[in-house]
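In: model this:
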Amino acid sequence: MIISDLMKREHYSVNTERAYSDWIKQFVKFHCLQARESLFVEAENKVEKFLTYLATERDVSASTQNQAFNALVFYRIWKPPWYILMFWRRAEKVLKVLLMIFDKLADHGKM
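Out: Numbering: from 1, shown residues only. From the prediction side, this is the model:
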């Protein structure tokens with residue numbers, strides 16, 4: 001079944017369909033993926049890197065990061081365990097600062 005057909009059957013809006021498609025394209029471009037099968041190889045690491053990039057480098061809002069996450073889950077690039085969905089942490093300024101501090105410490109070999 002084509003994804004757009006599934007989204008229509010589930011009564012998603014056309015705007016959501018477009019947004020999710022754009023997030024998948026950005027995910028594929030971010031990881032320089034060529035083959036469809038490569039989407040699913042080490043998917044959890046790829047999703048984590050992409051979402052971290054969105055929060056730290058692109059400075060997106062929590063809702064934008066959440067939309068990207070939902071697109072990846074909907075397209076079944078990554079099927080997270082139920083407890084990840086329950087405790088998913090969205091982008092926050094505090095989290096961004098902590099990630100930058102950890103990156104700096106790691107760069108200087110202090111971790």
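
In: which helices and strands sit right next to the helix ranked longest in the chain?
Out: Criterion DSSP state H: the longest helix present in the chain is helix 14-30. Identification of packing neighbours for helix 14-30 by 3 or more C-beta pairs under 8 Å, 6 or more residues apart in numbering; DSSP states H and E yields helix 3-9, helix 43-56, helix 62-74. All C-beta spots, glycine's among them, are computed from the backbone N, C-alpha and C.

In: go with 7 Å
Out: Applying 3 or more C-beta pairs under 7 Å, 6 or more residues apart in numbering; DSSP states H and E, one finds that helix 14-30 contacts helix 43-56, helix 62-74.

In: Please point out which parts of that helix sit buried.
Out: Residues 16-17, 19-20, 23-24, 26-28 are the ones in helix 14-30 that count as buried (16 or more other C-beta atoms under 10 Å).

In: just to revisit the earlier point, format the helices and strands packed on helix 14-30 as JSON lines; extra columns: mean pLDDT and mean neighbour count.
Out: Shown next, in JSON lines, are the helices and strands packed on helix 14-30 (pLDDT from 0 to 100; neighbours: other C-beta atoms under 10 Å):
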{"stretch": "helix 43-56", "mean pLDDT": "86", "mean neighbour count": "17"}
{"stretch": "helix 62-74", "mean pLDDT": "87", "mean neighbour count": "18"}
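
In: Tell me which of the ones you listed sits nearest to residue 9.
Out: Ranking the helices and strands packed on helix 14-30 by proximity to residue 9 (C-beta to C-beta) places helix 62-74 first, at 12.8 Å.

In: now the buried residues of helix 14-30 in CSV, with distance to residue 43 and pLDDT?
Out: Below are these laid out as CSV (distance: C-beta to C-beta, whole Å; pLDDT from 0 to 100):
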residue, distance to residue 43, pLDDT
16, 22, 91
17, 22, 90
19, 20, 93
20, 16, 91
23, 15, 93
24, 13, 89
26, 16, 94
27, 10, 92
28, 12, 90
